[in-house]
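Participant: Next input, structure requested:
(2 chains)
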2 protein chains.
Amino acid sequence: MSARPPQAQDGGPRLDQTDGEQRIAIVGGGLAGSLLALALARRGHGVDVYERRPDPRRQDGAAGRSINLGLSKRGMQALAMVGLLEQVLARAVVMRGRVIHAPDGSTRYQPYGRDAGEVLHSIDRNELNRLLLDRAEALPGVRLHFEHRLLRADKARRELELDSPRGRLTVRPLWVAGADGAFSCMRRELQHGERADYHQEYLEWGYKELTLAPLADGGSAIELTALHVWPRSHCLFVSHPNLDGSHTLTLFLPHEGEESFATVRTPEQVAALFRRHFPDLQAMLPGLLEQWASHPTGSLITTRTAPWRFDDWAVLLGDACHAVYPFYGQGMNSAFEDCCVLMAALAARPADRAAAFSEYESARRPHTDVLAELSKANFVELRQKVQSPWFIARKRLDLALNRLWPRRWLPLYTMIAHSTMPYGEALARSHRQERLLRTVLACALAVGGVGLAVAALGVPV
Amino acid sequence: MSARPPQAQDGGPRLDQTDGEQRIAIVGGGLAGSLLALALARRGHGVDVYERRPDPRRQDGAAGRSINLGLSKRGMQALAMVGLLEQVLARAVVMRGRVIHAPDGSTRYQPYGRDAGEVLHSIDRNELNRLLLDRAEALPGVRLHFEHRLLRADKARRELELDSPRGRLTVRPLWVAGADGAFSCMRRELQHGERADYHQEYLEWGYKELTLAPLADGGSAIELTALHVWPRSHCLFVSHPNLDGSHTLTLFLPHEGEESFATVRTPEQVAALFRRHFPDLQAMLPGLLEQWASHPTGSLITTRTAPWRFDDWAVLLGDACHAVYPFYGQGMNSAFEDCCVLMAALAARPADRAAAFSEYESARRPHTDVLAELSKANFVELRQKVQSPWFIARKRLDLALNRLWPRRWLPLYTMIAHSTMPYGEALARSHRQERLLRTVLACALAVGGVGLAVAALGVPV
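Facilitator: Residues are numbered from 1 along each chain as shown, chains lettered A, B, ... in the order given. Below is the predicted model:
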């Protein structure tokens, strides 16, 4: 950003656009914002990224959210688009499936897919963000502005007003992408005075992160190349592996109620919770009580909204327009996929950005709405169903049918995590498969019944 | 409000509470706010009403929204609670039913209920608001503060910060009721930092009001004691009668699209719309084009949210927590009913206001959520179904069954408009009746079928 504050041409507030070039602004330098900056800069655009927080590369890891992410096909496609896939995978731990930990300490393994290609990759959110920022900054067109908080977007004047360490600042970008998260200021400004639909709901469960340290020899206390789940009826632990052999454990527990973050507060209460539901984890977590007391409790929000765009000047992506619960592991992946869809729409409509934004929203919003529902439903699956014999048998049947007819039969999880089929199409196809399976099973039962009856009656066939 | 600005006891901003008495604040002096002020003052409470707009009694009618309201049982019950029912009814026009105007100019009458007790009352919103404000102000405990806009509510300090003609003002009420409408500031402040659910959606249809003048002799151009509806597939006129023989017509038309507020703009386009869909109205509206050009186009919003309350200090009512579309005529009625439920909860829990607020929300929110859905569905009914022969036959059957078994068989409309049965219970009962009717009809058909078969086979019975 220029250090010379020039006078605005029209007598309005001073503009920080000394060179008069038409640059794109991205509000938010998180995962979606920094990836979009990379993608746009690689196409030759000048991009300014305005991030509210300080530069995460100059902080220690504890400053941001440390939650791990499961990178799957959609996210990988986007990273490949900006030429970063290999470097990201080198920093990730492969997760081949889920290990389910029962209350009695026994475990059961559920693979994520039918082969080594259908796996997830556990990556540290902060490390991925730092890598994306480094690569974006290395491109000539990109400028990163940290501690720049959006105050107002004037749609009529096409200006952004920002609060920065050097005071108030007004910029007039060619267009703006809002990638500033679930509580997006850019969304609020974009929708101001419009007939906007907006839905937000919080989960009754909050979360707390704990770290399971590596063993003294650097090994992992539990199977490294898997996601681990400790499903209990009203609470849930999930763990993501890290390269150093540690695991990031996330406990999901109700905010209020009998056994909840509101009632589990003292060391005795924490110890009792673990003794009752997670004795195996308790044994592996010597620093549990200190971690519990010092780590914050987070909340989880789902949002749906429309519109995502204003004319040819502003567009939203990622959590700013569709925050989802983390239970399908698709938050980052869907935000990265937004970048791909937006870039494709811009490429298809080089002369009409308003149409490109409109097509991006039309192509994308129905599918992220479906993702919101899938992510809610998967919380029930993770908490309750993964232990049910029927569910386990069904998962096995799904994978067996998928091995028999790899093109014809695709389990829903496979379509969501290991393909880039739009979410809504994946769900519709899963429903069709479900109906087919039911019909086949009903026919099989009927034929079997007739066979039994024939056998019982002694009629020769 | 006192003219002496004293120092705050705790060194904070100055407080405008010189007499130290513990008064209740109501944010919003519209229908819900002024009715609640009346109800609280009649129980001996001191009440301050803070209204953002100027005093409507010192403005001409055009300043506010002029839309008419259909007062039904729930609203009447609330007005009776504050001793105002007779005075309000004296200012209202009885509507005994709907007159449906077909495209060919023919009309059909549908009564609202089975007798003269089951009618609606058309009343002018502004006149009702002025009456409520007059009566509230006449009570010793009530003070009205116009042009007082809520800026902030500090839940920790239990203070409201307001912008007033005399500058910034901080007050510390005993507790606060937020009755400040669909875009409630009090809701935003109450929910700030909480895990609040919030849903808003706009209807794709907007509205425009037009006035059908009385005849030269003071008579009404159309039947006075009815609501009139001109249903068309994608647009709709509704009219409410006024005491002077005029009718307030409301056109509901899509905001965007082929025939919409976006495309119907020039006098020619307006005339063409009326010629095509409302030729009878066109003939009765000589000043149509002037009215069209000078009257604004409004938008319609539905909101659902939670929580409605904070501890023992703040609570929401009316549009501030459940704005609905106007198609069931229950917006004001449900807001007034909120007052009754809140007053009853406070009376039942005189020593525990937090519990009273909690019970009010638990008792009320499930039902206003149902009302939101009913109000959406009734738009389809008004626009499309009221003309269908099946719908008309069904309505007649419903009323006939209601006449036969007045306690046992209650049409849904009757339960919503002419009873105070909670909305959710009304809907559930309607579903039960529907199932019963279907079973009875199926049995009748089966018996009839057997009878026919027996007759056809010539078997003597």
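Participant: so how far is residue A:303 from the residue sitting nearest the centre point of chain A?
Facilitator: Nearest to the mean C-alpha position of chain A, by CA atoms, centre = their mean, lies residue A:331 at 1.5 Å. Distance of residue A:331 to residue A:303, given as CB to CB, to the nearest Å: 12 Å. The way it works is simple: take the backbone N, C-alpha and C, and place the C-beta from them, glycine included.
Participant: if we can go back for a sec, my guess is the residue nearest to the centre of chain A contacts residue A:323. True?
Facilitator: Yes. Shown here, residue A:331 and residue A:323 form a contact pair, counting by CB atoms under 8 Å, at 7.5 Å.
Participant: and for these two, which residues touch both?
Facilitator: By CB atoms under 8 Å, 6 or more residues apart in numbering or on different chains, residue A:331 and residue A:323 have no common neighbours.
Participant: what's near enough to touch residue A:151?
Facilitator: Residue A:151 makes contact with A:161, A:162, A:163, A:168, A:185, according to CB under 8 Å, 6+ apart.
Participant: Name the nearest of those residues relative to chain B.
Facilitator: Chain B lies nearest to residue A:185 out of those, by CB to the nearest CB, at 14.9 Å.
Participant: Now do the SS call for the residue nearest to that closest one when sequence neighbours are not counted.
Facilitator: Distance criterion CB to CB, 6 or more residues apart in numbering or on different chains; nearest residue to residue A:185, sequence neighbours excluded, is residue A:150 at 4.5 Å. Per DSSP: H, G, I helix; E, B strand; the rest coil, the local secondary structure of residue A:150 is strand.
Participant: if I read this right, residue A:150 contacts residue A:33, doesn't it?
Facilitator: No. Applying CB under 8 Å, one finds residue A:150 not in contact with residue A:33, separated by 11.9 Å.
Participant: Which of these two has more residues huddled nearby?
Facilitator: With neighbours defined as other CB atoms under 10 Å in any protein chain shown, residue A:150 and residue A:33 compare such that residue A:33 has more, 31 against 22.
Participant: Give me the nearest residue to that one, chain neighbours excluded.
Facilitator: residue A:179 (3.6 Å).
Participant: what separates that neighbour from residue A:140, distance-wise?
Facilitator: The gap separating residue A:179 from residue A:140 is 21 Å, by CB to CB.
Participant: Let's verify residue A:94: helix, strand, or coil?
Facilitator: Residue A:94 ends up strand, using three-state DSSP.
Participant: circling back to that earlier point, going through the contacts of residue A:151, which ones are buried?
Facilitator: A:161, A:162, A:185 (16 or more other CB atoms under 10 Å in any protein chain shown).
Participant: ok, back up a step: same drill for residue A:179 and residue A:140, tell me which one is more crowded.
Facilitator: Set side by side, residue A:179 and residue A:140 show more neighbours around residue A:179, with 31 against 8, by other CB under 10 Å.
Participant: Isn't that one up against residue A:39?
Facilitator: No. Shown here, residue A:179 and residue A:39 do not form a contact pair, counting by CB under 8 Å, at 11.7 Å.
Participant: pLDDT of the longest helix along chain A, averaged?
Facilitator: Using DSSP state H, we find that the single longest helix of chain A is helix A:423-457. The average pLDDT for helix A:423-457 rounds to 86.
Participant: Point me to the residue of the stretch 201-350 of chain A nearest chain B.
Facilitator: For the stretch 201-350 of chain A, CB to the nearest CB, closest residue to chain B: residue A:202, 3.8 Å.
Participant: OK, contacts around that residue?
Facilitator: Shown in contact with residue A:202 (CB under 8 Å, 6+ apart): A:299, A:300, A:301, B:195, B:196, B:197.
Participant: Could you find the closest non-adjacent residue to the second one?
Facilitator: The spatial neighbour of residue A:300 that comes closest, neighbours along the chain excluded (CB to CB, 6+ apart), is residue A:203 at 4.2 Å.
Participant: My guess is the one you found contacts residue A:325. True?
Facilitator: Yes. The criterion here is CB under 8 Å, and residue A:203 meets it with residue A:325 at 6.0 Å.
Participant: Pull the number of nearby residues for residue A:289.
Facilitator: 15.
Participant: who's in contact with it?
Facilitator: By CB under 8 Å, 6+ apart, the neighbours of residue A:289 are A:267, A:270, A:271.
Participant: what helix or strand does it sit in?
Facilitator: Using DSSP states H and E, residue A:289 sits in helix A:288-294.
Participant: can you list the domains in chain A?
Facilitator: A:24-92+A:122-201+A:300-377, A:204-294, A:388-457 (automatic domain parsing).
Participant: What residues sit buried inside stretch A:220-234?
Facilitator: For stretch A:220-234, the neighbour count (16+ other CB under 10 Å) marks A:220-224, A:226-232, A:234 as buried.
Participant: how about the residues you listed in JSON lines, adding pLDDT and secondary structure?
Facilitator: Putting those into JSON lines (pLDDT from 0 to 100; DSSP: H, G, I helix; E, B strand; the rest coil) gives the following:
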{"residue": "A:220", "pLDDT": "92", "secondary structure": "coil"}
{"residue": "A:221", "pLDDT": "90", "secondary structure": "coil"}
{"residue": "A:222", "pLDDT": "94", "secondary structure": "coil"}
{"residue": "A:223", "pLDDT": "93", "secondary structure": "coil"}
{"residue": "A:224", "pLDDT": "94", "secondary structure": "coil"}
{"residue": "A:226", "pLDDT": "96", "secondary structure": "coil"}
{"residue": "A:227", "pLDDT": "96", "secondary structure": "strand"}
{"residue": "A:228", "pLDDT": "96", "secondary structure": "strand"}
{"residue": "A:229", "pLDDT": "95", "secondary structure": "strand"}
{"residue": "A:230", "pLDDT": "95", "secondary structure": "strand"}
{"residue": "A:231", "pLDDT": "93", "secondary structure": "strand"}
{"residue": "A:232", "pLDDT": "92", "secondary structure": "coil"}
{"residue": "A:234", "pLDDT": "88", "secondary structure": "coil"}
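Participant: returning to that earlier point: from the contacts of residue A:289, which is closest to residue B:55?
Facilitator: Comparing these against residue B:55 with CB to CB picks out residue A:270 as the nearest, at 57.5 Å.
Participant: Would you mind confirming that that closest one makes contact with residue A:292?
Facilitator: Yes. Counting by CB under 8 Å, residue A:270 touches residue A:292, with 5.0 Å between them.
Participant: helices and strands around the one helix or strand residue A:249 maps to, which ones?
Facilitator: Using DSSP H and E, residue A:249 sits within strand A:247-254. Helices and strands touching strand A:247-254, as assessed by 3 or more CB pairs under 8 Å, 6 or more residues apart in numbering or on different chains; DSSP states H and E, comprise strand A:205-212, strand A:236-241.
Participant: quick one, what contacts the nearest residue to the residue nearest to the centre of chain A once chain neighbours are set aside?
Facilitator: Leaving aside its chain neighbours, residue A:331 sits nearest to residue A:324 (5.6 Å; criterion: CB to CB, 6+ apart). Remark: with contacts taken as CB under 8 Å, 6+ apart, residue A:324 is in contact with A:302, A:330, A:331, A:334, A:368, A:371, A:372, A:375.
Participant: Sitting in strands, which of these do you find?
Facilitator: residue A:302 (DSSP state E).
Participant: Need the contacts of residue A:324 in JSON lines (columns: distance to residue A:393 and pLDDT).
Facilitator: Converted to JSON lines, these look like this (distance: CB to CB, whole Å; pLDDT from 0 to 100):
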{"residue": "A:302", "distance to residue A:393": "31", "pLDDT": "97"}
{"residue": "A:330", "distance to residue A:393": "26", "pLDDT": "96"}
{"residue": "A:331", "distance to residue A:393": "30", "pLDDT": "96"}
{"residue": "A:334", "distance to residue A:393": "30", "pLDDT": "98"}
{"residue": "A:368", "distance to residue A:393": "32", "pLDDT": "97"}
{"residue": "A:371", "distance to residue A:393": "27", "pLDDT": "97"}
{"residue": "A:372", "distance to residue A:393": "29", "pLDDT": "97"}
{"residue": "A:375", "distance to residue A:393": "24", "pLDDT": "96"}
